[in-house]
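A.B. asks: Build the 3D model from these lines:
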Amino acid sequence: MPIKKKKSGKSKKKSGKKSVSRAAGDSGGEDEGIEEPVTAISGETPPPKPTTPNKKKKKSAKKMTKSEKAMAKLDKAAGKIRESGGAFHKFISRMDRWITVYYPKAVELFQKFDEEGFGTLTYEEFKSGMYDLDAPCSTVELHLLARLLDEEDTGDIDYTKLAKGLQFVREKEQLKRNEEEGASRLILSERKLEHCACCKLGLWHPYTEKNPKYLLVEMRLVTFDNFEDHPGHVTFVIHLHATIQALIQLIRDETDIQCTTMAIFEDASRSKDAYLPEHKTLDELGFFGGSIDNPEEITLFYDYMVEFTDCPLLLCDHYFGQKH
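C.D. replies: Coordinates of the predicted model:
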């Protein structure tokens, strides 16, 4: 048998290595195409690996200090009062009356805090002064008042503006309501419910109109209309969407009149044309209303009838059957 030469095997292996190196893309000579493996001993750094775009890491939320948490909690509570509508207007009216009366005393106290005489105070100085003056408001309401006085959100309060009371706040709110009414349109949106702290279920609240209208109604008892001051003449502020039946109930609550029938009229004639149906609202009857600060003033008349059904003396037939 013929013996295989070992040299021919080595040459095949070398040719195999050369073909691999050439397949790798080197166009040089045969010796230049052979690459040595990279090791830690050789001291050479490995070629850089292809980089893949890293996902953006979420920035960790900045931890709030105790004072910042307390301020955020006050802002949230104050925002709820401002969005409440009726409660906010009552708060503004109450503080406006109080500031008008106690403004000289308040300025004298605030000037002691204002050492540099710039006419401004920090939130803490303003709140401390209001506490010393026994202002009729809670902690949240006082914070809301400070926010309202700090119109430019600078952190300083110009206490000299208190000379005019809170009229500027009312004017801003009125302008805001007018703009919203002018740009009002039907928008369908998902209603967000406040969640219960215990069961996490949504809490439903009755619908409240965003910009309600009001009337200042003077109710005069027709029988005593000639008298300027009479216990039967009552005045109250009522919502424009209130019904005539609601007016009747308010009259009964104010005057304690015990009757079976009561009617409201547009004038003192008590005619059929002047009668206002109980199921109609004031809006449906043609009244326009105004803001809570400047309601539309109207005068209506009412009368009632008393039927004696439980008095034995008035119901007895005493005179029947008597001989003259």
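A.B. asks: C-alpha only now, for contacts and for neighbours.
C.D. replies: OK.
A.B. asks: Strands of the stretch 51-200 of the chain, start to end?
C.D. replies: For the stretch 51-200 of the chain, the strands defined by DSSP state E, counting those that start in this stretch cover 120-122, 156-158, 194-195.
A.B. asks: Count the residues that sit near Lys164.
C.D. replies: Neighbours of Lys164 under the rule other CA atoms under 10 Å: 12.
A.B. asks: Mind pulling up the pLDDT for the residue lying closest to it once chain neighbours are set aside?
C.D. replies: Leaving aside its sequence neighbours, Lys164 sits nearest to Thr100 (CA to CA, 6 or more residues apart in numbering; 7.6 Å). Note for Thr100: predicted pLDDT of 82.
A.B. asks: Let me know whether Thr100 touches Lys161 as I believe.
C.D. replies: No - counting by CA atoms under 8 Å, Thr100 sits too far from Lys161 to count as a contact (11.4 Å).
A.B. asks: Any stretches of this structure with poor pLDDT?
C.D. replies: Within the chain, the stretches with pLDDT under 70 are 1-61, 165, 174, 177-200, 202-210, 308-324.
A.B. asks: counting contacts, what elements does the longest strand anywhere in it pack onto?
C.D. replies: In the chain, taking DSSP state E as the definition, the longest strand is strand 296-305. Judged by 3 or more CA pairs under 8 Å, 6 or more residues apart in numbering; DSSP states H and E, the packing partners of strand 296-305 are strand 214-221, strand 261-265.
A.B. asks: Adjacent strands (with direction) for that strand?
C.D. replies: Counting by DSSP bridges, the strands paired with strand 296-305 are strand 214-221 (parallel), strand 261-265 (antiparallel).
A.B. asks: could the ones you listed be laid out in a markdown table, adding mean neighbour count and distance to Lys127?
C.D. replies: Listed next are those as a markdown table, based on neighbours: other CA atoms under 10 Å; distance: least, CA to CA, whole Å:
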| stretch | mean neighbour count | distance to Lys127 |
| --- | --- | --- |
| strand 214-221 | 21 | 33 |
| strand 261-265 | 19 | 49 |
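A.B. asks: mind listing what's buried in the longest strand of the chain?
C.D. replies: For strand 296-305, burial by neighbour count (16 or more other CA atoms under 10 Å) applies to 296, 300-304.
A.B. asks: Turn those into a markdown table, columns for distance to Glu115.
C.D. replies: A markdown table is the format used below for the buried residues of strand 296-305 (distance: CA to CA, whole Å):
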| residue | distance to Glu115 |
| --- | --- |
| Glu296 | 46 |
| Leu300 | 57 |
| Phe301 | 59 |
| Tyr302 | 61 |
| Asp303 | 64 |
| Tyr304 | 65 |
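A.B. asks: closest to Met262 among those?
C.D. replies: Top of the list for closeness to Met262, among those and by CA to CA, is Tyr304 at 4.1 Å.
A.B. asks: pretty sure the closest one is touching Thr261, no?
C.D. replies: Yes - under the criterion of CA under 8 Å, Tyr304 makes contact with Thr261 at 5.6 Å.
A.B. asks: Can you tell me the closest non-neighbouring residue to Val217?
C.D. replies: Spatially, and ignoring its direct neighbours in sequence, Val217 is nearest to Ile298 (5.2 Å; CA to CA, 6+ apart).
A.B. asks: Contacts only, for that neighbour.
C.D. replies: Shown in contact with Ile298 (CA atoms under 8 Å, 6 or more residues apart in numbering): 215-218.
A.B. asks: can I get those residues in TSV with distance to Leu247?
C.D. replies: Shown next, in TSV, are those (distance: CA to CA, whole Å):
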residue	distance to Leu247
Leu215	12
Leu216	12
Val217	9
Glu218	11
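A.B. asks: Please name the bridge partners of the nearest residue to Thr299 once chain neighbours are set aside.
C.D. replies: Counting by CA to CA, 6+ apart, Thr299 lies nearest to Glu218, which is 4.7 Å off, once chain neighbours are set aside. Glu218 has these beta-bridge partners by DSSP bridges: Thr235, Thr299.
A.B. asks: Restrict stretch 133-140 to CA atoms and write it as CSV.
C.D. replies: This file holds the C-alpha atoms of stretch 133-140, laid out as CSV (Å, rounded to 0.1, in the frame of the first residue of the first chain):
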residue,chain,number,x,y,z
LEU,A,133,-55.9,89.9,64.4
ASP,A,134,-58.2,86.9,64.9
ALA,A,135,-59.3,86.9,61.2
PRO,A,136,-62.5,84.8,60.7
CYS,A,137,-61.0,82.2,58.5
SER,A,138,-59.5,78.7,58.7
THR,A,139,-55.9,77.8,57.9
VAL,A,140,-56.8,76.7,54.4
